[in-house]
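Trainee: Dropping the sequence and predicted coords here.
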Amino acid sequence: MKIESFALVLDAAQGGTDESPRRVLAGLTLALRLALDAQQAGASCIVVAKDAASIRAALLDERLRIAIVERAPNEGRVLRVPANFVVHRAMFKHIAERDALDSRPPRERDLALEPVPFEAPYAFQPLSVVDDASAREAERRLFRALRKAQDGWTSRYLNRYISLFISRWLIKTPLEPNQLSVAILGVGLVGAWFASRGGYGNLLLGAALFQTQSILDGCDGEMSRVSHRGSRAGEWLDTIGDDLTNYGFFAGSAIGLYRTSHQPLYLAAGALTVVSGLIGSGLEYRYLIKIGSGDLLKYPLSQGAGSGQLAFIQPLFKRDTFVLMTLCAAAASCLGPVLCVFAAAALGILVSVIKTELRLSRESRAVEPR
């Protein structure tokens, strides 16, 4: 969708002190958060009065790449907001997209005087941070807004509660999201190693670490989104880390089950799961490289079970849910049969990926000039 560019004017703090814009909340000063949100929404510049030293000091950050000027351009739209406001990270983009559809959008908007109707999952209206109580409320709203509408059942009702609690603590540490991604991968690989040792205790511990990795997997993304530290490398670390953890655990559990039961069926199921996953991932990665992204959610997978009367079971195929199912199966000593089910599911997903590739190929040929 077309984005209507605008200049963001950071006005003096509303109800706070001159130092309010420099207050750090969830890893960013209040003024810098507004500026980065605006930059992401297509702002052309940030307007700050010459004598607003506190606001200017709060904007000193290499992530802010657009110009900081003293006056708004004579032409173009202007969006004003007090520098101690906290807004939903998608609000500026929403306003820019809405104005792009309006033949005569207003020349200037002031969010302090004119709240803009904004509907989105976990949306909230702008909030002025003037004291510790309002800062805590703003932080609560910011982290709640990190939830995703596409979260599966397990993420929505379990994992997100835990990961958001941890992320609110991690954001106050020097730890970078990419460093956390590597550490999370380590948790998953240690779980795979324990599973490969065989025996009830090792398989259960491996599955518990697999579930721990799944919960922590939300933290690096939450940290990067709330503090504007996302990157292409971070997307790939998250995607590859999840896949390596999945394949590592299923390979490890297959070996562990074989050591315990001496049933070659489990080795075959593990091999089918891993090989199907590797082929599917290779095809997905090729597409992501082509579009310049590392976010697996951007892969247009053809959903076979996601329509009609079977739509309600689609969340069962999401990673968060099958990882929890693995832990439950290990606790109930039935990981072997579940591994066989996952092998069939992995083959089904590979078929869906291949169908997607064929569809994309047909669509590509259809738009090629003859």
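Mentor: Received it, and whenever you're ready, just let me know what you need. Computed from a predicted structure; not experimentally measured.
Trainee: Mind pulling the model confidence for the residue in the chain sticking out farthest from the centre?
Mentor: In the chain, H262 marks the outermost C-alpha relative to the chain mean, sitting 40.8 Å out by Cα atoms, centre = their mean. Note on H262: pLDDT of 94.
Trainee: Report the separation between it and I255.
Mentor: 12 Å (Cβ to Cβ, to the nearest Å). All C-beta atoms are positioned from the backbone trio N, CA, C, and that covers glycine.
Trainee: same question, F210
Mentor: On the measure of Cβ to Cβ, F210 and I255 end up 15 Å apart.
Trainee: The two: which has the busier surroundings?
Mentor: F210 (28 against 18; other Cβ atoms under 10 Å).
Trainee: I'd guessed A343 sits against G270; true?
Mentor: Yes: assessed by Cβ atoms under 8 Å, A343 is found in contact with G270 at 7.4 Å.
Trainee: Tell me which residues are up against stretch 143-150.
Mentor: Stretch 143-150 is contacted by residues 26, 88-89, 121-124, 155-156, 160, 164, 167-168, 221-222, 225-226, 297 when judged by Cβ atoms under 8 Å, 6 or more residues apart in numbering.
Trainee: Stretch 241-248 now?
Mentor: In contact with stretch 241-248 (Cβ under 8 Å, 6+ apart) are residues 181-182, 184-185, 188-189, 191-192, 210, 213, 217, 273-274, 277-278, 281, 296, 319.
Trainee: give me that answer again for 6 Å
Mentor: S181, L185, G188, L189, A192, Q213, V274, G277, S281 (Cβ atoms under 6 Å, 6 or more residues apart in numbering).
Trainee: Stretch 126-139 now?
Mentor: Stretch 126-139 is contacted by residues Q14, G15, G16, L25, A26, L30, N84, F85, V86, V87, L111 when judged by Cβ under 6 Å, 6+ apart.
Trainee: got the contact list for F342?
Mentor: Residues near F342 by Cβ under 6 Å, 6+ apart: T273.
Trainee: Okay, buried residues for stretch 18-28 please.
Mentor: For stretch 18-28, a neighbour-count test (16 or more other Cβ atoms under 10 Å) marks S20, P21, R22, R23, L25, A26, G27, L28 as buried.
Trainee: which one is the fourth one nearest to, not counting chain neighbours?
Mentor: Spelled out, that is R23. Once flanking residues are discounted, R23 sits nearest to L30: 5.4 Å by Cβ to Cβ, 6 or more residues apart in numbering.
Trainee: could you measure the one you found against L10, distance?
Mentor: From L30 to L10 the distance is 10 Å (Cβ to Cβ).
Trainee: Over to F210?
Mentor: Distance from F210 to L10, by Cβ to Cβ: 46 Å.
Trainee: how far does stretch 201-215 sit from the chain's center?
Mentor: Relative to its chain's centre, stretch 201-215 lies at 22 Å (Cα atoms, centre = their mean, to the nearest Å).
Trainee: Same question for stretch 286-305.
Mentor: That offset, for stretch 286-305, works out to 15 Å (Cα atoms, centre = their mean).
Trainee: residues in contact with stretch 35-55?
Mentor: 3, 5-10, 18-19, 21-22, 31, 56, 59, 64, 66-70, 72, 83, 89, 92-93, 96, 228.
Trainee: what comes up buried for it?
Mentor: For stretch 35-55, by 16+ other Cβ under 10 Å, it's 35-39, 41-48, 52, 54-55.
Trainee: Then stretch 73-88?
Mentor: Buried residues in stretch 73-88, counted by 16+ other Cβ under 10 Å: R77, V78, L79, R80, V81, P82, A83, N84, F85, V86, V87, H88.
Trainee: Double-check that the third one belongs to a helix.
Mentor: The reference is to L79. No: going by DSSP: H, G, I helix; E, B strand; the rest coil, the assignment for L79 is strand, not a helix.
Trainee: ok, R56 - contacts?
Mentor: R56 touches V48, counting by Cβ under 6 Å, 6+ apart.
Trainee: For it, what are phi and psi?
Mentor: Phi and psi for R56, reported as degrees, to the nearest 10, are phi -60, psi -40.
Trainee: Which pLDDT value belongs to D37?
Mentor: Reported pLDDT for D37: 95.
Trainee: what about the helices in the stretch 201-350 of the chain?
Mentor: Secondary structure of the stretch 201-350 of the chain by DSSP state H, counting those that start in this stretch: the helices cover 232-261, 264-291, 319-331, 335-367.
Trainee: any chance of those in CSV, with distance to D132 too?
Mentor: Conversion of those to CSV gives the following (distance: least, Cβ to Cβ, whole Å):
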stretch, distance to D132
helix 232-261, 31
helix 264-291, 43
helix 319-331, 34
helix 335-367, 48
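Trainee: Go through these and name the closest to D102.
Mentor: In terms of Cβ to Cβ, the element of those nearest to D102 is helix 264-291, at 29.9 Å.
Trainee: helices or strands up against the closest one?
Mentor: helix 232-261, helix 335-367 (3 or more Cβ pairs under 6 Å, 6 or more residues apart in numbering; DSSP states H and E).
Trainee: deepest of these, which one?
Mentor: helix 232-261 (a mean of 21; mean count of other Cβ atoms under 10 Å).
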